[in-house]
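Chemist: Sequence first, predicted coordinates after that:
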Amino acid sequence: MPQPSDGISDKDSLRNKIMGMGDASLKKSYYTQLQEHVLNLEKSRMETEESFKRAEANKNLFTALFHQASDGIIVVNLESGKFKFCNKAFADMFDYHSENPLLSFSSALPSEDAENLENALRKMASGEMRFLNNVIIHKNDGDLVYADISGSAVEIENRKYVLAVFRDMTGARKLELEKAEFAAKINQSQKMEAIGTLAGGVAHDFNNIIGGIMGLAEISLDEVTDNADLRDNLNQIITACRRARDITTQLLSIAYKTEKKYEPVSFNGIIRDSVILLKATLPASVSIKVTESAKEDTILADHAGISQIIINLCTNSAHAMNYSGDILIRTSNADIDEYLIQKNPELLPGKHFLLEVSDTGCGIPKDIVGRIFEPFFTTKEKGKGTGLGLSIIHGIVKNHGGVISVYSEEGMGTTFRIFFPLAAERVKSVAAEEYNPESVKDALVLLVDDEELLVKVGEKILSNMGNKTVSFTNPLEAIDYFKNNAEIIDAVITDMAMPKMNGLQLAEKIHAIKNETPVILCSGYSDELMKENTDMKDISRLIMKPFSAIDMSKALTEILSTVKKQRAE
């Protein structure tokens, strides 16, 4: 009878016998090899997992660095122009915030800029260039981005790409522009200071010349009583001298930040005077026509400021016409009602003076017409304009309570319309004043001026008034005379700007000798008088050159009447 099996089949037994392996050798050899194999597999598995972890960490690090980089980074397929990679900084640089990924330049930029950038990157990939500086890129909304771009060729999965880095330089560029604008302001300030110095010197000499002409004309007018034509000519000379004086004042007000004096002025009159100056400075190919339809033209204004508006607008028009064409100046009255206020809320109700300045120039493009009043905005070439003209006009108009608007079409010209509120007070007529030579009599006046012509004119005016004069062109000689004759001198009239001693110094020395002697100071212009802290304690009256005989008569009458009254008390 067969015996029970011990658990090992005949087949396994036979195999063990063939292999010459018993139980002991199986435990000793086979399991050891299997154990080593298992250990190797486990080690391999752990190394693989560690490699995957490192790869994942590297990927996460790369992704973080790629998307957190402050520079825009893209990887572009040169054949298709498509982006393989694009970081957040690049998308933000061009305000691309869509949920869809940014796939190409054309998705974020105008076609022309996209094409230019693709061509530039191809050159970088070929090694033709490696860097582009200060590249101007237009965004779809019209804003500009200034960028520095670097790039080089890379190969990914056997395909050629270009890796490009975009550094946003817009902030730095704006800072450079602000610095340039600031430098331009400093340069302009220095120019204006130089112009002011020149204008001051010119004003002094010019006013002395005008003063001589004006004085002689007034003296001659007083002597001619029976020749109407000659009297009319002399009146025209005096009027021309007054206009010349006003032009000098305007030049000085532009060069210096003088305190504005608002008083009733005739707008039509200022236009006429300004046009005379413009016609003398602009070429004959520029025609200026004036149509005065405004019956009421009195506004409360700074004369020089209004003149500057007219001159600046006409000068801009001449430039827009390339100094060949027509400028039309129109004036009218406008009654501002609710309808006009709805169209322009800055207007105030009531009667206004309307100034319109039109030209036949090139016009202003629609995309920039809204910026023309911005400081330093200009479309002129570098060195041909500061961009301050229209902004200054806008400021002057606002300071006068006015409103300015512009209408323009390219190729059709430009029209500026300015509303000014009318003043209730009327302009005082200069012609109403008449010279009365008998206003002051029997006074002995010490007259000091380094201009011989003005001394002779002053002597004649004072003589016609019934007074006596002792005159000097040298202030030192005048002081010496006063030391010995102070008791008989009733008043001193002195020029401001003189060699060796100015008028303020002379007045101080006069009062050191005799304190109660009144001193009238005459000045065409003086740096000293422009200073805020100038001590005028020794001056009884200040008369600005060129002055009229009536100005001198009034001043002398007032101060001598005051002295007489004080002595009586």
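Modeler: Noted; the coordinates are in hand.

Chemist: counting contacts, what elements does the host helix or strand of residue 522 pack onto?
Modeler: Secondary structure assignment for residue 522, by DSSP states H and E: strand 519-523. For strand 519-523, the packing partners by 3 or more Cβ pairs under 8 Å, 6 or more residues apart in numbering; DSSP states H and E come out as strand 491-495, helix 503-513, strand 541-544, helix 549-568. Glycine gets a C-beta too; all of them are placed from N, C-alpha and C.

Chemist: Show me what counts as buried in that strand.
Modeler: By neighbour count with 16 or more other Cβ atoms under 10 Å, strand 519-523 contains the buried residues 519, 520, 521, 522, 523.

Chemist: now, among those, which is nearest to residue 546?
Modeler: Taking Cβ to Cβ as the measure, residue 522 is the one of those closest to residue 546, at 9.4 Å.

Chemist: from memory that closest one sits against residue 496, does it?
Modeler: Yes - the criterion here is Cβ atoms under 8 Å, and residue 522 meets it with residue 496 at 6.7 Å.

Chemist: and for the two, which residues touch both?
Modeler: residue 503 (Cβ atoms under 8 Å, 6 or more residues apart in numbering).

Chemist: Would you mind measuring the gap between the ends of stretch 442-457?
Modeler: This stretch, stretch 442-457, spans 18 Å end to end (Cα to Cα, to the nearest Å).

Chemist: Check stretch 136-149 too.
Modeler: Start-to-end, stretch 136-149 (Cα to Cα) is 11 Å.

Chemist: can you map out the strands along the stretch 101-250 of the chain?
Modeler: Assigned by DSSP state E, counting those that start in this stretch, the strands in the stretch 101-250 of the chain fall at 131-138, 144-156, 159-168.

Chemist: So for residue 353, which of those strands sits nearest?
Modeler: Nearest of these (Cβ to Cβ): strand 144-156, 41.5 Å.

Chemist: Go through the closest one and flag the buried ones.
Modeler: 145, 146, 147, 148, 149, 150, 151.

Chemist: Any idea what the third one is bridged to?
Modeler: By that I understand residue 147. Residue 147 has these beta-bridge partners by DSSP bridges: residue 135, residue 168.

Chemist: what helices or strands is the host helix or strand of residue 404 leaning on?
Modeler: Using DSSP H and E, residue 404 sits in strand 403-409. Where contact means 3+ Cβ pairs under 8 Å, 6+ apart, strand 403-409 is packed against helix 389-399, strand 413-421.

Chemist: partners of that strand in the sheet?
Modeler: Applying DSSP bridges, strand 403-409 is found paired with strand 413-421 (antiparallel).

Chemist: could you give the angle of the strand it pairs with to helix 389-399?
Modeler: 20 degrees (axes from the mean of the first three to the mean of the last three Cα atoms, to 10 degrees).

Chemist: next one: strand 413-421 to chain centre, how far?
Modeler: 21 Å (Cα atoms, centre = their mean, to the nearest Å).

Chemist: Restricting to C-alpha, output that strand in CSV.
Modeler: Extracted in CSV, the C-alpha atoms of strand 413-421 (Å, rounded to 0.1, in the frame of the first residue of the first chain):
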residue,chain,number,x,y,z
GLY,A,413,-7.5,125.4,-39.8
THR,A,414,-8.2,126.2,-36.1
THR,A,415,-10.5,128.6,-34.2
PHE,A,416,-10.0,129.6,-30.6
ARG,A,417,-13.0,131.1,-28.8
ILE,A,418,-12.5,133.0,-25.5
PHE,A,419,-15.3,134.4,-23.3
PHE,A,420,-14.5,137.2,-20.9
PRO,A,421,-17.1,138.7,-18.5
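
Chemist: one step back: who wins for proximity to residue 105 among the helices and strands packed on strand 519-523?
Modeler: strand 541-544 (67.3 Å).

Chemist: Okay, buried residues for that closest one please.
Modeler: Buried residues in strand 541-544 (16+ other Cβ under 10 Å): 541, 543, 544.

Chemist: just checking, what packs against that strand?
Modeler: Packed on strand 541-544, when contacts are counted by 3+ Cβ pairs under 8 Å, 6+ apart, are strand 519-523, helix 549-568.

Chemist: Residue 120 contacts residue 132, doesn't it?
Modeler: Yes - judged on Cβ under 8 Å, residue 120 makes contact with residue 132 at a distance of 6.0 Å.

Chemist: Between these two, which contacts overlap?
Modeler: residue 149.

Chemist: what about stretch 474-494, start to end distance?
Modeler: End residues of stretch 474-494 are separated by 11 Å (Cα to Cα).

Chemist: can you give me the mean pLDDT across that stretch?
Modeler: Mean pLDDT, stretch 474-494: 94.

Chemist: what's in contact with that stretch?
Modeler: Contacts for stretch 474-494 (Cβ under 8 Å, 6+ apart): 443-450, 458, 470, 472, 498, 500-501, 503, 505-507, 509-510, 513-514, 517-522, 552, 556, 559-560, 563.

Chemist: Check which helix or strand residue 39 maps to.
Modeler: helix 31-68.

Chemist: Show me how far that helix is from its chain's centre.
Modeler: That offset, for helix 31-68, works out to 67 Å (Cα atoms, centre = their mean).

Chemist: Can you spell out which helices and strands pack onto that helix?
Modeler: helix 88-93.

Chemist: just the buried residues of strand 144-156 now: which is nearest residue 271?
Modeler: residue 146 (45.3 Å).

Chemist: pLDDT wise, what is the residue nearest to that closest one when sequence neighbours are not counted at?
Modeler: Distance criterion Cβ to Cβ, 6 or more residues apart in numbering; nearest residue to residue 146, sequence neighbours excluded, is residue 173 at 4.1 Å. On pLDDT, residue 173 comes in at 87.

Chemist: just residue 324 next, same as before
Modeler: Per the predicted model, pLDDT is 91 at residue 324.

Chemist: can you check residue 379 too?
Modeler: 57.

Chemist: Same question for residue 226.
Modeler: So residue 226 comes in at 84 (pLDDT).

Chemist: pLDDT weak spots in the stretch 301-450 of the chain?
Modeler: 374-389, 425-440 (pLDDT under 70).

Chemist: let's go with 90 and repeat that
Modeler: 301-308, 311-312, 315-316, 319-320, 334-351, 362-412, 423-443 (pLDDT under 90).

Chemist: Tell me where it has strands.
Modeler: Under DSSP E, counting those that start in this stretch, the stretch 301-450 of the chain gives strands at 325-336, 350-359, 403-409, 413-421, 444-448.

Chemist: From the contact counts, what lies against the second one?
Modeler: Read it as strand 350-359. helix 267-281, helix 303-320, strand 325-336, strand 413-421.

Chemist: ditto for the longest one
Modeler: Using 3+ Cβ pairs under 8 Å, 6+ apart as the contact test, the elements touching strand 325-336 are helix 267-281, strand 286-292, helix 303-320, strand 350-359.

Chemist: Out of the ones you listed, which gets nearest to residue 47?
Modeler: Of all the helices and strands packed on strand 325-336, helix 303-320 comes closest under Cβ to Cβ, at 79.1 Å.

Chemist: Nice, that's everything, thank you.
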